[in-house]
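>>> sequence and predicted structure, then a few things I'm wondering about:
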Amino acid sequence: MAVFSPNNTLVPASSSLFDLSDSSQLRTQSIFGSKAKSGASERAQLRLWAVPKRGPGLKLQAAKEPPELTKQIKEDKLEVPTVTESSTDLFDELKQRFLSFKKNKYMENWERYENLAKGQAPKFMVIACADSRVCPSSILGFQPGEAFVVRNVANMVPPYENGPTETNAALEFAVNSLKVGNILVIGHSRCGGIRALMSMHDDVETSSLIGSWVSNGMHARMRTKTAASHLSFDRQCKHCEKESVNCSLVNLLTYPWVEEKVRNGELSLHGGYYDFVDCSFEKWTMDYKGSELKDQNDQLSVKDRSYWC
Ligand SMILES: [Zn+2]
């Protein structure tokens, strides 16, 4: 389930997304272009969002119940939530959001979007979970053109030898065509995919697509079981959420063209962990020279660790 920013649209290989003829010209442009030409602006009826007011001391609190993914997998059933809004209402909201974006962002930064229409040259590739609460553009403020994003269950990178997936197809394009300088893998709190990984039996449940996918993180699970078996299951999952990010970073090096660029200093690999319970973000960078990774049992060395809260 790849999602290609900036236009959040899955685009076939023949589309202009893959036309990079002018991408190099974009690297030096400023983020914000000049004001839009008012004559080109389309008239639109816009309805403002009703934003709930929050007091300055309001404590952010996510839902207390963990995701039900694991339970759903085991019981092979999905509970359909009560629908309180019609499809028309939902799409009317999306229409208003789009028209607001067009008026306030697109038309106000016309030159920037005109250049982006010619090609893209993002500095980042971001690999994040498909969880709806973990939106890289929202939490890190990526603007259109700044990050090439792929999202999958539990933000995993399968090793090179496992063969093609949407994730490593996007990786190949980002590294070899877009020539991004940074890959950021973002894990997060209360990840349903990681709970599924930690709940599964040691032998992979091949009958489940989710089970088969998250087994890409089996090494993170084993490391967690070794290091944190004395902790509660919830704490083990939290440990594994971060361990799986490191597992993905190590797996990135199994791709020869990634490893070569990292070794030459053309590409940096970063880990991130977004905790939406207390709204904090932890970031670290792989220390390639310090790691000397020969196999997955070696310890990953990191540097430039910082904690944003
Ligand atoms: Zn997740």
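Looks like it arrived, so ask away.
>>> out of the helices and strands in this protein, which is least certain?
Ranking every helix and strand in the chain by mean pLDDT, DSSP states H and E puts helix 69-75 at the bottom, with a mean of 48.
>>> quick one: name whatever helix or strand follows that one.
Tracing the chain C-terminally past helix 69-75 and defining elements by DSSP states H and E, one meets helix 87-101 next.
>>> now do the buried residues in that next one.
96, 99 (16 or more other Cβ atoms under 10 Å). For glycine as for every other residue, the C-beta is placed from the backbone atoms N, C-alpha and C.
>>> thought I194 was touching M218, still the case?
No: in this structure M218 lies outside contact range of I194 using Cβ atoms under 8 Å: 11.8 Å.
>>> give me the more crowded residue out of those two.
Between M218 and I194, counted using other Cβ atoms under 10 Å, the more crowded position is I194 (34 against 16).
>>> quick check: that one touching V214?
Yes: I194 is in contact with V214 according to Cβ under 8 Å; the separation is 7.5 Å.
>>> identify the contacts common to the two.
Shared contacts of I194 and V214 (Cβ atoms under 8 Å, 6 or more residues apart in numbering): A154.
>>> residues contacting the nearest residue to G271 once chain neighbours are set aside?
If the residues on either side of it in the chain are set aside, G271 comes closest to V245, at 4.3 Å by Cβ to Cβ, 6 or more residues apart in numbering. Neighbouring residues of V245 by Cβ under 8 Å, 6+ apart: 155, 185-187, 271-273.
>>> quick check: of those, which lies closest to the ion?
Of all these, N155 has the smallest distance to the ion: 6.6 Å, by Cβ to the ion.
>>> could you check the pLDDT of the residue nearest to the closest one when sequence neighbours are not counted?
Nearest residue to N155, sequence neighbours excluded (Cβ to Cβ, 6+ apart): C129, at 4.5 Å. The pLDDT attached to C129 in the predicted structure is 98.
>>> up against the ion, what does this protein have?
Contact residues, the chain versus the ion (Cβ under 5 Å from the ion): 129, 131, 191, 193.
>>> where does pLDDT dip in this structure?
Applying pLDDT under 70 to the chain flags the ranges 1-84, 203-206, 292-298.
>>> how about whichever helix in it runs longest: buried residues?
In the chain, taking DSSP state H as the definition, the longest helix is helix 233-252. In terms of neighbour count (16+ other Cβ under 10 Å), helix 233-252 has its buried residues at 236-252.
>>> which residues touch whichever helix or strand comes after that helix?
Using DSSP H and E, the helix or strand that follows helix 233-252 in sequence is helix 256-263. Helix 256-263 has contacts (Cβ under 8 Å, 6+ apart) with 160, 171-172, 175-176, 183, 252-253, 267-269, 286, 288.
>>> would JSON lines of the residues you listed with secondary structure be doable?
As requested, these are exported to JSON lines (DSSP: H, G, I helix; E, B strand; the rest coil):
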{"residue": "Y160", "secondary structure": "helix"}
{"residue": "L171", "secondary structure": "helix"}
{"residue": "E172", "secondary structure": "helix"}
{"residue": "V175", "secondary structure": "helix"}
{"residue": "N176", "secondary structure": "helix"}
{"residue": "I183", "secondary structure": "strand"}
{"residue": "L252", "secondary structure": "helix"}
{"residue": "L253", "secondary structure": "coil"}
{"residue": "L267", "secondary structure": "coil"}
{"residue": "S268", "secondary structure": "strand"}
{"residue": "L269", "secondary structure": "strand"}
{"residue": "M286", "secondary structure": "strand"}
{"residue": "Y288", "secondary structure": "helix"}
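>>> which of these are buried?
When the contacts of helix 256-263 are checked for burial by 16+ other Cβ under 10 Å, the buried set is 160, 171, 175, 183, 252-253, 267-269, 286, 288.
>>> M222 should be in a strand, yeah?
No: assignment of M222 by three-state DSSP gives helix, placing it outside any strand.
>>> from the ion, how far off is it?
Counting by Cβ to the ion, to the nearest Å, the separation of M222 from the ion is 19 Å.
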